[in-house]
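Asks: What follows is a predicted protein model with its sequence.
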Amino acid sequence: MVTLNLSQERFKQLLPYLSTASATFLVLALVTGVLLASHFIPTLGAYDSTRAITDEITFGWLVRGLHWWSSSLALICSLAFTSLAYWFGVFRGPAKWLWWSGLILGLMLLGGNITGYYLPLDQTAYWRLIIETRLLGEVPVVGELIKSFLLNGTGVSAASIARINWLHTVVLPLFTSFAVVCHVYAAKRAKLF
């Protein structure tokens, strides 16, 4: 059993606030993501689609900004929560399934942030996609397979953007939803609420 001194106890009191903040930001990211998906066109002209959302649609700039900030803050709160939970040794105790489901949830949030960065397909996103997939191609066994899936061969194409959009709007939200359900179930099982 780990004994906590007063300063550690204060940090432990942050855990419920971080989890609530992370959940709130995640819900906001999902809601704004649905609004953005109704106007976003995942093609090589995605930059023009993003610009139209930002400049031409009423409050599009606000929805896009809220989506970016809420997804980023959900990831930051999740990482802070995971770090504190690791520090307190949650992964060893009766709440170990809570730890693992939270870790998977954090990875899903990271994946959503990474894939979302590529979607506007501006110059920064384009070159980041090229560089990161080249690095990913160096991962043993599966790296080249993932690289060819994302780039659809050798370079960024309409199929690449469609696949990344599919990952961002379908696959990752489904896995994230599953991780949230597992996380809530593990929290109830550990009698945290």
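Replies: Nice, thanks for sending it over.

Asks: Identify the residue spatially nearest to Leu66, adjacent ones excluded.
Replies: Take Leu66 and drop its neighbours on the chain: the residue closest to it by C-beta to C-beta, 6 or more residues apart in numbering is Thr32, 4.9 Å away. Quick note: C-beta positions are derived from backbone N, CA and C, even for glycine.

Asks: Counting neighbours, what do you get for that neighbour?
Replies: Neighbour count of Thr32, defined by other C-beta atoms under 10 Å: 20.

Asks: Okay, and it sits in which element?
Replies: Under the criterion DSSP states H and E, the helix or strand holding Thr32 is helix 14-37.

Asks: That helix packs against which elements?
Replies: Contact here means 3 or more C-beta pairs under 8 Å, 6 or more residues apart in numbering; DSSP states H and E; on that basis helix 14-37 packs against helix 60-87, helix 172-189.

Asks: how about TSV for those, with distance to Leu44 and mean pLDDT added?
Replies: Formatted as TSV, the helices and strands packed on helix 14-37 follow (distance: least, C-beta to C-beta, whole Å; pLDDT from 0 to 100):
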stretch	distance to Leu44	mean pLDDT
helix 60-87	20	94
helix 172-189	22	91
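
Asks: show me the contacts for the residue nearest to Leu66.
Replies: Val63, Arg64, Leu66, His67, Ser70 (C-beta atoms under 8 Å, 6 or more residues apart in numbering).

Asks: So for it, what's the pLDDT?
Replies: What the model reports for Thr32 is a pLDDT of 98.

Asks: what's the spacing between it and Arg189?
Replies: The span separating Thr32 from Arg189 equals 32 Å under the rule C-beta to C-beta, to the nearest Å.

Asks: which among the contacts of Thr32 gets closest to Ser49?
Replies: The shortest separation between Ser49 and any of those is 11.2 Å, and it belongs to Arg64 (by C-beta to C-beta).

Asks: from memory the closest one sits against His39, does it?
Replies: No. The pair Arg64 and His39 fails to qualify as a contact (C-beta atoms under 8 Å) at a distance of 9.8 Å.

Asks: Identify the contacts common to the two.
Replies: Shared contacts of Arg64 and His39 (C-beta under 8 Å, 6+ apart): Ile53.

Asks: Comparing those two, which residue is more hemmed in?
Replies: Arg64 (20 against 15).

Asks: roughly how far apart are the more buried one and Ile130?
Replies: For Arg64, the distance to Ile130 equals 24 Å [C-beta to C-beta].

Asks: Mind telling me what element the nearest residue to His183 once chain neighbours are set aside is part of?
Replies: Nearest in space to His183, with sequence neighbours left out and distances taken as C-beta to C-beta, 6+ apart, is Ser101 at 4.1 Å. Ser101 is located in helix 96-118, with elements delineated by DSSP H and E.

Asks: Could you list the buried residues of that helix?
Replies: Along helix 96-118, the positions that meet the burial threshold by neighbour count (16 or more other C-beta atoms under 10 Å) are 97-109, 111-118.

Asks: so after it, what's the next helix or strand?
Replies: Using DSSP H and E, the helix or strand that follows helix 96-118 towards the C-terminus is helix 123-136.
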